[in-house]
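>>> structure for this input, please:
(chains A and B)
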Number of protein chains: 2
Amino acid sequence: MSEEYEVSKQNKVRQLRENAVYDKETVHGILDSALLASVGFVQGGQPVVVPMLFGRDGETIYLHGARKARVIRLLEETGTASMSVTHVDALVYARSAFNSSMNYRSVTVFGNVRLVDDWDEKLHALRVISESTMPGRWDELRAPLDNEIKMTGVIALEIESASAKISSGMPSDEEEDYSTPIWAGVLPLKSTFTKLESDDRLIDGVEPSDAVKAMQGKTL
Amino acid sequence: MSEEYEVSKQNKVRQLRENAVYDKETVHGILDSALLASVGFVQGGQPVVVPMLFGRDGETIYLHGARKARVIRLLEETGTASMSVTHVDALVYARSAFNSSMNYRSVTVFGNVRLVDDWDEKLHALRVISESTMPGRWDELRAPLDNEIKMTGVIALEIESASAKISSGMPSDEEEDYSTPIWAGVLPLKSTFTKLESDDRLIDGVEPSDAVKAMQGKTL
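Below is the predicted model of the structure:
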């Protein structure tokens, strides 16, 4: 049996509660299939949202950016952050505008953030982020240079609370609208990796590895 | 010639400045091809990020949710918000982990928010949001009921400043890494609407309109 995130004032889903999921396995699955997270922080009392690459290791989410990036400096100072990822799965064409919507899987995470200063944890975090985006690639590449590691800022977000919302299936219309002679249904959206395109400066005869080739045709 | 957003402390892109675009046409194009925005606001000093449906009308962005939704109540109180949309276009496989990245188109918007109370503007906003997601659908559906409009909360965000970041093309590697016999290039990600799926309770013989059918095969 999978564990659940405790429902608190912070992560409680108030609207469309029937779509709320607090199950850790579900939350992790949605996080792991996302390429980018929208990370929110407060700057001078104002909200700022930026897209960031990330990777998950248990209940720790690693985010990275340039060491001098505003987002890294601010996350370092702020103490807490909110993060959201969403996959749109379909447009839902209902029989009224009010009931028209989208099918989606989304996760909102709240947590404490800290700058990762420890050299070993930083390297570990960079590997986690790389492997979550490009599985198998880390070990194919040269080791990062000290200077590259210094120039990179890594933030660890420890998940304090989280919730998922999943909406799927056909439209839910008002009972009286079902007699309207209007088409209703869903239009799925598929995000798929297509075919690898080689860099112009590739050394003759060099082929992508099996791990890289395996990404072709994969759907998010 | 297209106008540009003024560069201020708020919207200035500090990292990868060469990717920054302040041109209104580019910013609008990225916004208009997105299905969802990540909207950030401050609740009790803490940042919160939530995905929201939206539509753009000139320099006004309309967001909607249930009238009683936390996000609507908070946006009503907060005065300002930040909004981010991002399309991932490709994974960029470089010759080092440091230079590996993604190609993307992203926009960050800052602006003042207000609750839309005026009945006519609210109806207009709902049409704008609907048409930006499901073009042509609004006029095919019955008019919204008074009660449905009352139950919907609409927020107008007036764009005060905005910036886009666009990253495209092949990896930029360190000069000394080009002699490494390792594959490098890009793996495009395509988000495409597939085929319409009809609701089980459809009246026999009812077909989707041309506007709805035209969405099939469209790429974001």
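>>> is A:Ser8 in a helix, a strand, or coil?
coil (DSSP: H, G, I helix; E, B strand; the rest coil).
>>> how many residues are close by it?
Using other C-beta atoms under 10 Å in any protein chain shown, the number of residues around A:Ser8 comes to 11. Bear in mind the C-beta positions are built from the backbone N, C-alpha and C, glycine included.
>>> contacting residues for it?
Contact partners of A:Ser8, counting by C-beta atoms under 8 Å, 6 or more residues apart in numbering or on different chains, are A:Ser161.
>>> do the same with A:Ser130
A:Gly55, A:Arg137, A:Trp138, B:Ala97, B:Ser100.
>>> just these now: which is nearest B:Ser33?
B:Ser100 (25.5 Å; C-beta to C-beta).
>>> what residues are up against that closest one?
When contacts are counted by C-beta under 8 Å, 6+ apart, B:Ser100 is found next to A:Ser130, A:Met134, A:Arg137, A:Leu141, B:Val92, B:Tyr93, B:Ala94, B:Pro171.
>>> same question for A:Val88.
By C-beta under 8 Å, 6+ apart, the neighbours of A:Val88 are A:Met102, A:Asn103, A:Tyr104, A:Leu189, B:Leu35, B:Leu36.
>>> just the buried residues of those residues.
If you count burial by 16 or more other C-beta atoms under 10 Å in any protein chain shown, the buried members of the contacts of A:Val88 come out as A:Met102, A:Asn103, A:Tyr104, A:Leu189, B:Leu35, B:Leu36.
>>> which SSE is the second one in?
Looking back up the chat, that one is A:Asn103. strand A:101-115 (DSSP states H and E).
>>> redo the buried ones among the contacts of A:Val88 as CSV? Include pLDDT and distance to B:Asn147.
Compiled in CSV, the buried ones among the contacts of A:Val88 are given as follows (pLDDT from 0 to 100; distance: C-beta to C-beta, whole Å):
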residue, pLDDT, distance to B:Asn147
A:Met102, 95, 22
A:Asn103, 96, 25
A:Tyr104, 94, 25
A:Leu189, 97, 30
B:Leu35, 94, 27
B:Leu36, 94, 26
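>>> relative to B:Lys9, which of those is nearest.
B:Leu36 (27.5 Å).
>>> quick one: the biggest helix by length in chain A to strand B:101-115, angle?
Across chain A, the helix with the greatest residue count (assigned by DSSP state H) is helix A:119-133. Interaxial angle of helix A:119-133 relative to strand B:101-115 (axes from the mean of the first three to the mean of the last three C-alpha atoms, to 10 degrees): 90 degrees.
>>> who does the helix or strand following helix A:119-133 touch, helix- and strand-wise?
Proceeding N to C from helix A:119-133, the next assigned helix or strand is helix A:146-151, under DSSP H and E. Contact analysis of helix A:146-151 by 3 or more C-beta pairs under 8 Å, 6 or more residues apart in numbering or on different chains; DSSP states H and E lists helix A:119-133 as its packing neighbours.
>>> any buried residues in the helix it packs on, and which?
A:Lys122, A:His124, A:Ala125, A:Leu126, A:Arg127, A:Val128, A:Ile129, A:Ser130, A:Ser132, A:Thr133.
>>> residue contacts, A:Lys195?
A:Gln216, B:Leu187, B:Pro188.
>>> hang on, it in a helix?
No. Judged by three-state DSSP, A:Lys195 forms no part of a helix; its state is coil.
>>> now the phi/psi pair for it, please.
phi -110, psi 140 (degrees, to the nearest 10).
>>> just for chain A, where's the confidence low?
Residue ranges of chain A with pLDDT under 70: A:1-2, A:14-17.
>>> the helix or strand hosting A:Leu31: which residues count as buried?
Following DSSP H and E, one finds A:Leu31 within helix A:24-32. Neighbour counts over helix A:24-32 (16+ other C-beta under 10 Å) mark A:Lys24, A:Thr26, A:Val27, A:His28, A:Ile30, A:Leu31 as buried.
>>> try stretch A:163-181
A:Ser163, A:Ala164, A:Lys165, A:Ile166, A:Ser167, A:Met170, A:Pro171, A:Asp173, A:Asp177, A:Thr180.
>>> how about the second one: what's its closest non-neighbour residue?
Read it as A:Ala164. Distances taken as C-beta to C-beta, 6 or more residues apart in numbering or on different chains place A:Val21 nearest to A:Ala164, at 4.2 Å, with adjacent residues excluded.
>>> quick check: phi and psi at A:Leu141.
Dihedral angles (degrees, to the nearest 10) for A:Leu141: phi -100, psi 160.
>>> could you do A:Ala34 as well?
phi -90, psi 150.
>>> again, but for A:Val7
phi -90, psi 120.
>>> what residues are up against it?
A:Val7 touches A:Tyr22, A:Ser163, counting by C-beta under 8 Å, 6+ apart.
>>> over to A:Ala143?
So A:Ala143 contacts nothing (C-beta under 8 Å, 6+ apart).
>>> go on, A:Ser106?
By C-beta under 8 Å, 6+ apart, the neighbours of A:Ser106 are A:Ile30, A:Ser84, A:Val85, A:Thr86, A:His87, A:Ala164, A:Lys165, A:Ile166, B:Pro51.
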